[in-house]
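Asker: Fold the following for me, if possible:
(chains A and B)
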Protein chains: 2
Amino acid sequence: MIWKLIQNIIEKDAPIVVGLDPMLSYIPENIKKDAFARYGETLEGASEAVWQYNKAIVDAVYDLIPAVKPQIAMYEQFGIPGLQAYVKTVKYCKEKGLVVIGDVKRGDIGSTSGAYATAHLGTITIGSNTVAPFDEDFATINPYLGSDGVKPFIDVCNQNDRGIFVLVKTSNPSSGEFQDRLIDGRPLYELVGEKVAEWGSLSMDGEYSNVGRVVGATYPEMGQILRKIMPKSYILVPGYGAQGGTAEGLKPYFNEDGLGAIVNSSRGIIAAYKKDPYLSRFGEQGFADAARQAVLDMKADINGAVFGK
Amino acid sequence: MIWKLIQNIIEKDAPIVVGLDPMLSYIPENIKKDAFARYGETLEGASEAVWQYNKAIVDAVYDLIPAVKPQIAMYEQFGIPGLQAYVKTVKYCKEKGLVVIGDVKRGDIGSTSGAYATAHLGTITIGSNTVAPFDEDFATINPYLGSDGVKPFIDVCNQNDRGIFVLVKTSNPSSGEFQDRLIDGRPLYELVGEKVAEWGSLSMDGEYSNVGRVVGATYPEMGQILRKIMPKSYILVPGYGAQGGTAEGLKPYFNEDGLGAIVNSSRGIIAAYKKDPYLSRFGEQGFADAARQAVLDMKADINGAVFGK
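Answerer: Below you'll find the model as predicted:
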């Protein structure tokens, strides 16, 4: 599956992924009003608004981008109807040719991790039928429980040509509380990074592994070290834009082949219309066009700063 | 909410929790047959079987136990219908007076952790309505992302009288890969334990905190150290029975007041009928009675070994 992601990145000339992390406060009033008129001020109404908002954004940007990353928490907060909107979004994006990275940060042990892997990347057999429950292409995974927690996902990746991104160094301010603590003189995230490289060798797909990692854009010096530890592993980079990561700081995340990293932006794209320069140009009704312009701007920013093009 | 859990434990004289972690292979054939006849060999059919199986077990044991712990992965593997069975199970158990610990192992950063907290422990406001999406009493939480990831859960616990159990030392064989690594001469799980104690002081509820931790029964010597680091924090103990933890080994997890720990068993209870002595006594049709007997046996085993009663 990493091979398909790389093909999409090359074809669109855009090492970027749009985070579909809808908050009710991002959604234009008229979309909410229509959805509430049909389904009431309910979880169903809110989820319909989320779906309509997502669909308009995907329609506006899909030809520019290789992948999307829906954050499942933003759907889970609307209960079952929210997760139905998540499933619809995953399916719609795949129909548009996009690679879907489910930002689910799951992780447990043994058969429980196996059940999560089945849910998100695999299929389940019920009598004579086989069904793919959530059917994302990639899922993000938490490594705290060690190999027992991660290997069931890798097994499913191998059976089903899917991939995972394992949290190594996250983009948030307190990520250092545990991740930066020194073990034999080296930070925990480096040890996790080494394990990811080891796990990655179990699922190669061309030059790169189906096992990638998450390293926040807010820590470029750590990105550089981790790039060297795991040359064959793709980096999913959150934290660009809204969280303070810059395009210039992204250079160390890429390999010399111009590959190896994909940079996420969520509210910087989907809620671009909320702030200038997009607000004054597009207004609330132009939220999807604003998202498109924000994608074009992000692509130019990163391709300029990282590749000088 | 920890106060309510303690009251339930004292009333039932049972520091135990039943893990409702249904696998299709645990469910008696006639339940599956009925469900498939009504809903087909589909996610809906499998989820109906899960629900009927859970309901029969809860009906058979609810008067003996203070709490249940449904493992959401086992429902998520059946997609949206599976999560509908999860919601029904949570609601039904609460109606029976049980405390529900959602074993969801969620964890992210900032507003995303906030969304998970809303989903599982909080309420969301949509127009003029306020809804509790999944509505568990407790949720399990992964600490790898640090305070940013945990504090949004604590805020919701305080607003809504709920609780969390933070993973500290898990019960699986590879838990040591990261959790046991030494930092300034002490294992990572001790540092996480200290943080949990710090977070716990932000949500006290009587003598104990609404912020508990997960420490596997498979590591009693670590349980002893962690008990001292976090005297006011309840320990949720997985790994008893099927994973190899013994009742004798549980002593260090409890405080001198006889409180401080609650021990989980999942397949040892819900799939008790699959093995002797329960199989020959109850058979497949007696799966719920077998679960009741397994609860009585577990209670006697733990109360005997830990409290000499």
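Asker: center of chain A - which residue?
Answerer: What sits nearest the mean C-alpha location of chain A, by Cα atoms, centre = their mean, is residue A:69, with 3.3 Å.
Asker: so what's that residue up against?
Answerer: A:17-20, A:100-103, A:236, A:264, A:266 (Cβ atoms under 8 Å, 6 or more residues apart in numbering or on different chains). The way it works is simple: take the backbone N, C-alpha and C, and place the C-beta from them, glycine included.
Asker: Over to residue A:212?
Answerer: Counting by Cβ under 8 Å, 6+ apart, residue A:212 touches A:2, A:138, A:163-166, A:196, A:200, A:233-236.
Asker: thought residue A:121 was touching residue A:157?
Answerer: Yes - between residue A:121 and residue A:157 there is a contact under Cβ atoms under 8 Å: 6.4 Å.
Asker: between the two, what contacts are shared?
Answerer: residue A:164.
Asker: who has more neighbours, these two?
Answerer: Per other Cβ atoms under 10 Å in any protein chain shown, whichever of residue A:121 and residue A:157 has more neighbours is residue A:121, with 29 against 26.
Asker: buried residues in stretch A:111-127?
Answerer: When burial is assessed from 16 or more other Cβ atoms under 10 Å in any protein chain shown, stretch A:111-127 yields the following buried residues: A:112-122, A:124, A:126.
Asker: In strands only, show me those.
Answerer: Among those, the members falling in strands (DSSP state E) are A:124, A:126.
Asker: Next step: the contacts of residue A:69 restricted to helices.
Answerer: Applying DSSP state H to these, no entry is found in helices.
Asker: Let me know the closest of those residues to chain B.
Answerer: Nearest to chain B, judged by Cβ to the nearest Cβ, of the contacts of residue A:69 is residue A:103 at 8.2 Å.
Asker: Surely the closest one and residue A:140 touch.
Answerer: Yes - proximity of residue A:103 to residue A:140 meets the contact threshold set by Cβ under 8 Å, at 5.1 Å.
Asker: of the buried residues of stretch A:111-127, closest to residue A:57?
Answerer: residue A:120 (22.2 Å; Cβ to Cβ).
Asker: what's that closest one in contact with, if anything?
Answerer: Taking Cβ under 8 Å, 6+ apart as the criterion, residue A:120 is in contact with A:102, A:104, A:106, A:133-136, A:139, B:76.
Asker: okay if I get those residues as JSON lines plus distance to residue B:206, secondary structure and pLDDT?
Answerer: Compiled in JSON lines, the contacts of residue A:120 are given as follows (distance: Cβ to Cβ, whole Å; DSSP: H, G, I helix; E, B strand; the rest coil; pLDDT from 0 to 100):
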{"residue": "A:102", "distance to residue B:206": "40", "secondary structure": "strand", "pLDDT": "98"}
{"residue": "A:104", "distance to residue B:206": "35", "secondary structure": "strand", "pLDDT": "98"}
{"residue": "A:106", "distance to residue B:206": "33", "secondary structure": "strand", "pLDDT": "97"}
{"residue": "A:133", "distance to residue B:206": "41", "secondary structure": "coil", "pLDDT": "98"}
{"residue": "A:134", "distance to residue B:206": "40", "secondary structure": "coil", "pLDDT": "98"}
{"residue": "A:135", "distance to residue B:206": "45", "secondary structure": "coil", "pLDDT": "98"}
{"residue": "A:136", "distance to residue B:206": "43", "secondary structure": "coil", "pLDDT": "98"}
{"residue": "A:139", "distance to residue B:206": "39", "secondary structure": "strand", "pLDDT": "98"}
{"residue": "B:76", "distance to residue B:206": "34", "secondary structure": "helix", "pLDDT": "98"}
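Asker: For these, work out which two are farthest apart.
Answerer: Maximum pairwise distance among the contacts of residue A:120 (Cβ to Cβ): 14.8 Å, between A:106 and A:135.
Asker: Look at the two and report which has more neighbours.
Answerer: Applying other Cβ under 10 Å to residue A:106 and residue A:135 shows that residue A:106 carries more neighbours, namely 28 against 20.
Asker: May I have the beta-bridge partners of residue A:167?
Answerer: Note on residue A:167: beta-bridge partners by DSSP bridges are residue A:214.
Asker: surely it meets residue B:143?
Answerer: No - counting by Cβ under 8 Å, residue B:143 is not a contact partner of residue A:167; they are 11.8 Å apart.
Asker: the strands in the stretch 1-150 of chain A, which residues?
Answerer: Applying DSSP state E, counting those that start in this stretch to the stretch 1-150 of chain A gives strands spanning A:16-18, A:67-68, A:99-106, A:124-126, A:129-131, A:138-141.
Asker: hmm, who's touching the helix or strand of chain A with the lowest mean pLDDT?
Answerer: None of the helices or strands of chain A scores lower by mean pLDDT, DSSP states H and E than helix A:220-229, at a mean of 86. For helix A:220-229, the external contacting residues (Cβ under 8 Å, 6+ apart) are A:168-169, A:187, A:189-190, A:193-194, A:197, A:213, A:215, A:217, A:235, A:237, A:245, A:249-255, A:260.
Asker: what about 10 Å?
Answerer: A:168-169, A:175-176, A:179-180, A:186-187, A:189-194, A:196-197, A:213, A:215-217, A:219, A:233, A:235, A:237, A:245-246, A:248-255, A:260-261 (Cβ atoms under 10 Å, 6 or more residues apart in numbering or on different chains).
Asker: quick revisit: in TSV, list the contacts of residue A:212 along with neighbour count and pLDDT.
Answerer: Below are those laid out as TSV (neighbours: other Cβ atoms under 10 Å in any protein chain shown; pLDDT from 0 to 100):
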residue	neighbour count	pLDDT
A:2	28	97
A:138	29	98
A:163	28	98
A:164	31	98
A:165	27	98
A:166	27	97
A:196	26	94
A:200	24	95
A:233	26	94
A:234	27	96
A:235	26	96
A:236	27	96
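Asker: now, which of the residues you listed lie within strands?
Answerer: A:138, A:163-166, A:233-236.
Asker: show me what contacts residue A:187?
Answerer: By Cβ under 10 Å, 6+ apart, the residues touching residue A:187 are A:169, A:176, A:178-181, A:193, A:222, A:225, B:183.
Asker: Give me the lowest-pLDDT entry from these.
Answerer: Among these, residue A:222 carries the lowest pLDDT, at 83.
Asker: Once you drop chain neighbours, what's closest to residue A:206?
Answerer: residue A:3 (4.6 Å; Cβ to Cβ, 6 or more residues apart in numbering or on different chains).
Asker: got it, and residue A:107?
Answerer: Here the residue nearest residue A:107, using Cβ to Cβ, 6+ apart, is residue A:142, at 3.5 Å.
Asker: hang on, isn't the one you found packed against residue B:142?
Answerer: Yes - with contact defined as Cβ atoms under 10 Å, residue A:142 counts as touching residue B:142 (5.1 Å).
Asker: quick one, longest helix in chain A?
Answerer: Assignment by DSSP H gives helix A:287-307 as the longest helix of chain A.
Asker: what's the angle between it and strand A:233-237?
Answerer: Following axes from the mean of the first three to the mean of the last three Cα atoms, to 10 degrees, one obtains 130 degrees for the angle between helix A:287-307 and strand A:233-237.
Asker: Mind listing what's buried along helix A:287-307?
Answerer: Result for helix A:287-307 [16+ other Cβ under 10 Å]: buried residues A:287-295, A:297-299, A:301-303, A:306.
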